[in-house]
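Student: Here is a sequence with its predicted model. Questions after.
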Amino acid sequence: MVKKVCDFWSDDAVSNLVEIKDVRFSRGSRMIFNGLNFSIPRGKITAILGPSGTGKTTLVKLITGQIRPDDGVILFEGRAVCPCSRQRLYEMRRQIGVLFQSGALLTNLDVFENVAFPLRQHTKLPERLIRQIVLMKLQSVGLRGAWEHMPSELSGGMARRVALARALVMDPKLIIYDEPFAGLDPISMGVIVQLIRETNDALGITSIVVTHDVAQTEILADQSVLLSEGVVVAAGTPAELCNDRSELVQQFMRGKSDGPVPFHFPGPGYVEHLRALASS
Amino acid sequence: MSGLVREGWLGFREFVGTFGAFQMFFFRLLPYLPKALLRPRLIIEQIYSIGVLSLVLIMFGGFFVGMVLALQSYSTLVEFGSADSLGAFAAEALVRELGPVVASLLFAGRACSAVASEVGLMRATEQISALELMAVDPIEHIIVPRFIAGVISVPLLAAIFSTIGMLGAYLVGVHLLGVDSGAFWSNIQVRVDMYEDVASGILKSFVFGVSASFMAVFEGYYAAPTAAGVSQAATRTVVIGSVWILLIDFILTGFMLPGV
Ligand SMILES: Nc1ncnc2c1ncn2[C@@H]1O[C@H](COP(=O)(O)OP(=O)(O)OP(=O)(O)O)[C@@H](O)[C@H]1O
Ligand SMILES: [Mg+2]
């Protein structure tokens, strides 16, 4: 069974870098994805939108093979992503850059070495060239001056920009940004939006931007996918999403608290809960 | 009563399960060892941070243990008129037993707890996931260098502990209690045997090094990614690591003692 899934081959691999087919995933008894279907076209920026806690970060983990779907298959370049063989998984991950929601810099290395780390691990480039590449990437996120700082000396937003430089340093085929705009000031935000756009176009990279920042998505994305309650509720260009009639899509795009998407995590009714606590 | 039996059964199952997990992790590490030894840069860095930085503590410990040993044994030896063999007594005790055991216990408290919490914190702050996503194997890059560095460090530290301990015994025995200096050293030379004493001490400290370092990387790698999980990993490393050292010491001593 496992073998069959791993040898899955798709014919759409030419146009789609990543395809997600019928993916189901649950954490304990909580269903996170219930038959997820969509694909990420090559060379485009795809935004994945969704309320907090719908499983966007979980989806990133599924695409990068950190966790395995309960059912269904995820294809990267037409080949199934699954932890079948470590070697194959690592071979695939070398072509993917990931910006973590938390940055996840290596705390025992300084900024320069953090960005240089993938290069040192996977290439045998001469030191001079490594220095040039790293300084160039740091320059593009505006932190070349901080190259000697340790990660603990950076602010949250700065650390995420360094992590962004690290994700870009290997010139991957696919870059996944998990919440790239969280904690950035308006100026850096503009710069990062432009950086994502430029790297995507200049290097022919495919990008996935996971976010709940609707305004930035409208500027940035070629295609948006809106997730909610474990399924894709809407997909299309940002303009199409904005004009979507569905109440749920409108609620999310306009940021209204009242609507089909619950603001509250599922649980017992408020009054019931208070009563139960009072009587216990 | 049945509740007690059930608790006992669950505890036993957990113990067996943990033991199985130890084994699996150990066999996961083994294939990496030859490759890691060929790229020694990371190991050397770790030997510095866990071995060299434990040095002061080990020397301090060795010095005092040696001095106490001389003070304690002197009164008994004098009673039997064999105060001259104070040096040999202290040296044998240090080389065979106290050096390996006390140095490893100090090492577990100083270095292994640090390794466990460092690795646990790397897990909690997603650094280990980040390595995996950069296609860098965290076992190869984080775990194995720390493990090997520990295994190399402990026998060396134990040897230093014993040496400094003998110096402490010399100071107390010869300069404080008035044992003859020539007799002190010549007795050591006669009584301490290369194979029976020194080699068995080295073997012991090697085994202790393996178990203490293994506990540290195991607990760190599987730490729960929370503040409590990290501190628990450090505590368990020291507690379980020390118990292991004492247990293994008993078994090894039983096998090694001539005439037992
Ligand atoms: N390790 C875990 N164990 C159990 N449940 C988890 C775990 N990680 C996440 N979850 C659950 O999975 C759901 C999705 O989490 P996820 O982090 O993917 O959300 P998200 O869409 O990225 O949210 P945000 O926008 O706030 O980052 C959450 O409801 C959370 O409760
Ligand atoms: Mg998230």
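Tutor: Arrived safely. None of the values given here were measured: they were computed from a predicted structure. Ligands and ions are numbered 1, 2, ... in the order given.
Student: Show me which residues of the stretch 101-250 of chain A are close to chain B?
Tutor: A:102, A:104-107, A:117-118, A:121-122 (Cβ under 8 Å from any Cβ of the partner chain). Every residue, glycine included, has its C-beta placed from N, CA and C.
Student: Filter these down to the buried ones.
Tutor: Buried members of those, counted by 16 or more other Cβ atoms under 10 Å in any protein chain shown: A:102, A:104-106, A:117-118.
Student: Going by distance to chain B, which of those wins?
Tutor: Nearest to chain B among these: A:A104, at 3.9 Å, using Cβ to the nearest Cβ.
Student: So the closest one sits against B:M122, correct?
Tutor: No. With contacts counted by Cβ atoms under 8 Å, A:A104 stays clear of B:M122, the gap being 9.5 Å.
Student: give me every residue that touches residue 86.
Tutor: With no chain named, the answer covers chain A. A:R86 sits next to B:D137 when contact means Cβ atoms under 8 Å, 6 or more residues apart in numbering or on different chains.
Student: wrong one, chain B
Tutor: B:L86 neighbours (Cβ under 8 Å, 6+ apart): B:70, B:73-74, B:77, B:169, B:173, B:177, B:179, B:184, B:187.
Student: Now it: closest residue in space that isn't a chain neighbour?
Tutor: Residue nearest to B:L86 in three dimensions, not counting chain neighbours: B:G173, with 4.7 Å by Cβ to Cβ, 6 or more residues apart in numbering or on different chains.
Student: Backbone dihedrals for that neighbour, please?
Tutor: For B:G173, the backbone dihedrals (degrees, to the nearest 10) come out as phi -60, psi -50.
Student: Can you tell me how far it is from B:S181?
Tutor: Remark: distance between B:G173 and B:S181 (Cβ to Cβ, to the nearest Å) = 9 Å.
Student: Looking at these two, which one has more neighbours?
Tutor: Using other Cβ atoms under 10 Å in any protein chain shown, the more surrounded residue of B:G173 and B:S181 is B:G173, with 30 against 13.
Student: looking at it, the more buried one is touching B:A90, isn't it?
Tutor: Yes. Using Cβ under 8 Å, B:G173 is in contact with B:A90, at 7.3 Å.
Student: who does the helix or strand where A:F117 lies touch, helix- and strand-wise?
Tutor: Element membership of A:F117, judged by DSSP states H and E, is helix A:111-122. With contacts defined as 3 or more Cβ pairs under 8 Å, 6 or more residues apart in numbering or on different chains; DSSP states H and E, the packing partners of helix A:111-122 are helix A:127-140, helix A:156-168.
Student: I'd like to know which of these lies nearest to ligand 1.
Tutor: Of all these, it is helix A:156-168 that lies closest to ligand 1, at 13.6 Å by Cβ to the nearest ligand atom.
Student: Leaving out sequence neighbours, find the closest residue to A:R144.
Tutor: Nearest non-adjacent residue to A:R144 (Cβ to Cβ, 6+ apart): A:L138, at 4.3 Å.
Student: List the contacts of that neighbour.
Tutor: Going by Cβ under 8 Å, 6+ apart, A:L138 touches A:111-112, A:115, A:144, A:146-147, A:162, A:165.
Student: Neighbour-wise, give me the winner out of these.
Tutor: Going by other Cβ under 10 Å, A:V115 tops these with 29 neighbours.
Student: so that residue touches A:V134, yeah?
Tutor: Yes. A:V115 lies in contact with A:V134 (Cβ under 8 Å); the separation is 4.7 Å.
Student: joint contacts of these two?
Tutor: Shared contacts of A:V115 and A:V134 (Cβ under 8 Å, 6+ apart): A:165, A:169.
Student: And the pLDDT at B:I148?
Tutor: As predicted, B:I148 sits at a pLDDT of 95.
Student: Give me the number of neighbouring residues for whichever residue of the stretch 51-200 of chain B sits closest to ligand 2.
Tutor: Closest contact between the stretch 51-200 of chain B and ligand 2, by Cβ to the ion, is at B:E126 (11.8 Å). Around B:E126 there are 18 other residues, counting by other Cβ under 10 Å.
Student: OK, contacts around B:V172?
Tutor: B:66-67, B:70-71, B:74.
Student: If you drop the residues flanking it in sequence, what lies closest to residue 159?
Tutor: Picking chain A for this. Residue nearest to A:A159 in three dimensions, not counting chain neighbours: A:G103, with 4.2 Å by Cβ to Cβ, 6+ apart.
Student: Chain B was what I was after
Tutor: Per Cβ to Cβ, 6+ apart, closest to B:A159 is B:G99, 7.1 Å.
Student: could you say which helix or strand contains the one you found?
Tutor: Counting by DSSP H and E, B:G99 is part of helix B:99-107.
Student: Just give me the longest helix of chain A.
Tutor: Using DSSP state H, we find that the single longest helix of chain A is helix A:186-203.
Student: those helices in the stretch 151-260 of chain B, which residues are they?
Tutor: B:181-191, B:200-221, B:227-256 (DSSP state H, counting those that start in this stretch).
Student: Kindly reformat these as CSV containing mean pLDDT.
Tutor: Shown next, in CSV, are those (pLDDT from 0 to 100):
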stretch, mean pLDDT
helix B:181-191, 90
helix B:200-221, 94
helix B:227-256, 92
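Student: Kindly report the residues of the stretch 51-200 of chain B close to chain A.
Tutor: B:122, B:125-127, B:129-137, B:141.
Student: Show me the two of the residues you listed that sit farthest apart.
Tutor: Within these, B:T125 and B:A135 form the most distant pair, 19.4 Å apart (Cβ to Cβ).
Student: what residues are shared contacts of B:G173 and B:A90?
Tutor: Joint contacts of B:G173 and B:A90 (Cβ under 8 Å, 6+ apart) are B:A70.
Student: Count the residues that sit near residue 87.
Tutor: Assuming you mean chain A. Residues near A:Q87, counting by other Cβ under 10 Å: 9.
Student: my question was about chain B
Tutor: B:G87: 27 neighbours (other Cβ under 10 Å).
Student: so where's chain B shaky on pLDDT?
Tutor: Where chain B drops to pLDDT under 70, the residues are B:1, B:258-260.
Student: where exactly do the helices run in the stretch 1-150 of chain A?
Tutor: So, for the stretch 1-150 of chain A - with DSSP H, counting those that start in this stretch - the helices run A:2-6, A:56-63, A:86-93, A:111-122, A:127-140.
Student: possible to save those helices as TSV with mean pLDDT?
Tutor: Shown next, in TSV, are these (pLDDT from 0 to 100):
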stretch	mean pLDDT
helix A:2-6	45
helix A:56-63	90
helix A:86-93	85
helix A:111-122	92
helix A:127-140	91
